[in-house]
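> Predicted model, plus sequence, below.
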Amino acid sequence: MAGIDIEGLATVYPNGVRAVDGLDLHVADGEFFALLGPSGCGKTTLLRTIAGLEAATEGTVRIDSADVTRLEPGKRGVAMVFQDYALFPHMNVSENITYPLKVRRVAPATRSGVATRTAGELSLQGLLERKPAQLSGGQQQRVALARAIASEGKVLLLDEPLSNLDARLRLEARTFLKKLQRDLGITTVFVTHDQAEALALADRIAVMDSGKLRQLGSPREVFARPSNTFVANFIGSTPMNLLPGKVTSESDISVVSVPGGSLPAATVSVPADAEVTVGIRPEYLTVASGDISGPALRGGVVVAENLGTQSLVTVDCDGTLVGVTVPEEAEPSPGSAVVLTAPATRVLLYDRESGELLARQPAPVA
Ligand SMILES: Nc1ncnc2c1ncn2[C@@H]1O[C@H](COP(=O)(O)OP(=O)(O)OP(=O)(O)O)[C@@H](O)[C@H]1O
Ligand SMILES: [Mg+2]
């Protein structure tokens, strides 16, 4: 088992694209680490650079403390599963799984033992003689994983391994993958552009944009306290409300005026009159009942969307649309007037210009 240390890493393609642009990253031994970001942000390039399939232009990659930056892929102790699985179509499942061992000239008897054992771990018994074309998408994915595991790398790199599966299979495969990674305890970097998948699977998440790291943290931190508006926009199944605001009173609990009223913010050292962007997740807003004395937003319900047990209600607050989630039975009817409140610890203030989280805000109470 081994950690991965990345320092000042840049990968520049011959056409001048800086696909990875100055990254520092530490993946701990045994960690399940997710790389998340929009299409083209450099996720695949970063994985390929760790694996040695692309050459680093600047910086270093260390695996298990050894500098592997200039080492060829086969000597890095890395196993990679590609987005399209890259199974060999003319080989059966058993031959596919043990191909890395064959390359290393491991004896046939040993290879067939590994094939049987790994196939058992991944519920592929009975399929060993089949060709990839005779398997379902989920089974092909497991064969690709089995091949990676059988190669006994110190590090597993997975490039969107679930993206070819339909929604239902994807959920099953996700649970399966998480359990497998726990059982094996192998350091895993998992690329996805699906933020729900990253939140569900990872010990920690790195959010990338344009080859750079925008935030690194636990799923909870990245969800509850995005460190900039880029991450705030990107994470969450319902997007965070980002409202233009102005700090009107500064104390332990500041008050920020926003379209439709005001909100409390547990922010210190943001001066009164500062122009900010106010971030509040729909999940942390509440439709108030009865009289409200503190800061609140007032508006009219535009539309309500069914999310299952919850509804996402869109409220027009002085011309700005604000989303709030409510339990389905509490769904207000379109056209009705509502008052929205939020706990001060859930209201985040961002610099209007840079989009960075402002000041030292106390962590929300869990
Ligand atoms: N071989 C290449 N030569 C030149 N530019 C490339 C090459 N491969 C990728 N790029 C560019 O590098 C950037 C990063 O690409 P990369 O494939 O790493 O993104 P990604 O985050 O994996 O995207 P996706 O989510 O779409 O898979 C993009 O701008 C892409 O156009
Ligand atoms: Mg990619």
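Looks like it arrived, so ask away. Ligands and ions are numbered 1, 2, ... in the order given.

> going forward, measure contacts and count neighbours with C-alpha atoms only.
OK.

> hmm, which helix or strand of the chain has the shakiest average pLDDT?
When each helix and strand of the chain is scored by mean pLDDT, DSSP states H and E, helix 167-184 comes last, with a mean of 81.

> Now that helix: buried residues?
Neighbour-count burial for helix 167-184 flags 170, 173-174, 177, 181 (criterion: 16 or more other CA atoms under 10 Å).

> Which elements pack onto it?
helix 195-201 (3 or more CA pairs under 8 Å, 6 or more residues apart in numbering; DSSP states H and E).

> sec struct for Glu305, please.
Recorded secondary structure, Glu305: strand (DSSP: H, G, I helix; E, B strand; the rest coil).

> what's the closest non-adjacent residue to the residue of the stretch 201-350 of the chain found nearest ligand 1?
Nearest residue of the stretch 201-350 of the chain to ligand 1: Gly211, at 7.2 Å (CA to the nearest ligand atom). In space, and not counting its chain neighbours, Gly211 is closest to Val20: 4.1 Å by CA to CA, 6 or more residues apart in numbering.

> show me what contacts the one you found?
9-12, 42, 45-46, 210-212 (CA atoms under 8 Å, 6 or more residues apart in numbering).

> let's see it at 10 Å
The contact partners of Val20, by CA atoms under 10 Å, 6 or more residues apart in numbering, come to 8-13, 41-46, 49, 56-58, 208-213.

> looking at it, Leu242 is touching Gly279, isn't it?
Yes - assessed by CA atoms under 10 Å, Leu242 is found in contact with Gly279 at 4.6 Å.

> which residues do those two both contact?
With CA under 10 Å, 6+ apart as the test, Leu242 and Gly279 both reach 229, 232-233, 348-350.

> export these to a markdown table and tack on secondary structure, pLDDT and neighbour count?
Shown next, in a markdown table, are those (DSSP: H, G, I helix; E, B strand; the rest coil; pLDDT from 0 to 100; neighbours: other CA atoms under 10 Å):
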| residue | secondary structure | pLDDT | neighbour count |
| --- | --- | --- | --- |
| Thr229 | helix | 95 | 23 |
| Ala232 | helix | 93 | 23 |
| Asn233 | helix | 90 | 16 |
| Leu348 | strand | 93 | 25 |
| Leu349 | strand | 92 | 32 |
| Tyr350 | strand | 93 | 24 |
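
> Looking at the residues you listed, which is nearest Glu221?
Ala232 (11.2 Å; CA to CA).

> Would you mind identifying the next helix or strand past the helix or strand encompassing Pro264?
Taking DSSP states H and E as the criterion, Pro264 maps to strand 261-265. Scanning forward in sequence from strand 261-265 by DSSP H and E, the next helix or strand is strand 275-280.

> tell me the angle that next one makes with strand 261-265.
80 degrees (axes from the mean of the first three to the mean of the last three CA atoms, to 10 degrees).

> Sheet partners, orientation included, of strand 275-280?
strand 241-249 (antiparallel), strand 348-351 (antiparallel) (DSSP bridges).

> Pull the distance from the last one to the chain's centre.
In other words, strand 348-351. Chain-centre distance of strand 348-351: 22 Å, with CA atoms, centre = their mean, to the nearest Å.

> does any bit of stretch 194-205 sit next to ligand 1?
No - if you take CA under 6 Å from any ligand atom as the test, stretch 194-205 misses ligand 1, and the best it gets is 9.5 Å.

> Name the residues of the stretch 151-300 of the chain found near ligand 1, please.
Residues of the stretch 151-300 of the chain lying near ligand 1 (CA under 6 Å from any ligand atom): His193.

> residue in the stretch 151-300 of the chain nearest to ligand 1?
Residue nearest to ligand 1 within the stretch 151-300 of the chain: His193 (5.9 Å; CA to the nearest ligand atom).

> what residues are up against that residue?
Contacts of His193 (CA under 10 Å, 6+ apart): 34-39, 41, 43, 160, 163, 207, 234.
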